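In: the following block contains a protein sequence and its predicted model.
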Amino acid sequence: MVRDFLATHLNAHFHFTPTYSSWLNQVEIWFSKVERDVIARAIFTSVKDLAGKPRRYIDAYSPSAKPIQWKYSDPTRRIRSNVVSATCG
C-alpha cells in the first residue's frame, strides 16, 4: 500500500526523525510538565482558579523559555533502510 502510494506520487518522500524529537513529542512533554508542576495534587477553588494557576505558570515560564537544541550522537540507534522497507510492504 505504501509502495503503491510512493510509486504514484513521485514527489513524496519519507523523512524520519530520531525518537522523541518531533514537534508533537515536544508539545506532549510541555503539557506533561505543566500537569506535574501545576495541576497534579493541586486544589482549585473555582473554574477561574483552575484557569488562573496554569496561566500564571506559563507567564512566569515564558520569558526564560529557550528552544531545545537537538544533537543526535548515537549512530547505532538510527533506523536502517532495510528495516523501513520491511515495514512498508
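Out: Cool, the structure landed. Numbers count the residues shown, from 1 in each chain.

In: and stretch 48-67, how far out from the chain's middle?
Out: 19 Å (C-alpha atoms, centre = their mean, to the nearest Å).

In: just checking, what packs against the longest helix anywhere in the chain?
Out: Secondary structure of the chain read by DSSP state H shows that its longest helix is helix 47-61. Under the contact criterion of 3 or more C-beta pairs under 8 Å, 6 or more residues apart in numbering; DSSP states H and E, helix 47-61 touches helix 23-34. Using the backbone N, CA and C atoms, a C-beta is placed for each residue, glycine as well.

In: would you mind writing the CA trace of stretch 22-41 as PDB?
Out: Extracted C-alpha coordinates of stretch 22-41, given in PDB (Å, rounded to 0.1, in the frame of the first residue of the first chain):
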ATOM      1  CA  SER A  22       9.200  15.600  16.700                       C
ATOM      2  CA  TRP A  23       7.300  18.700  17.500                       C
ATOM      3  CA  LEU A  24       4.400  16.700  18.700                       C
ATOM      4  CA  ASN A  25       6.600  15.000  21.300                       C
ATOM      5  CA  GLN A  26       7.700  18.400  22.500                       C
ATOM      6  CA  VAL A  27       4.100  19.500  22.900                       C
ATOM      7  CA  GLU A  28       3.400  16.400  24.900                       C
ATOM      8  CA  ILE A  29       6.400  17.000  27.100                       C
ATOM      9  CA  TRP A  30       5.300  20.600  27.700                       C
ATOM     10  CA  PHE A  31       1.800  19.500  28.700                       C
ATOM     11  CA  SER A  32       3.300  16.800  31.000                       C
ATOM     12  CA  LYS A  33       5.500  19.400  32.700                       C
ATOM     13  CA  VAL A  34       2.500  21.800  33.300                       C
ATOM     14  CA  GLU A  35       0.500  18.900  34.600                       C
ATOM     15  CA  ARG A  36       3.200  17.800  37.000                       C
ATOM     16  CA  ASP A  37       4.200  21.300  38.200                       C
ATOM     17  CA  VAL A  38       0.800  22.900  38.400                       C
ATOM     18  CA  ILE A  39      -2.200  20.600  38.100                       C
ATOM     19  CA  ALA A  40      -1.200  17.300  39.900                       C
ATOM     20  CA  ARG A  41      -2.300  17.200  43.500                       C
END
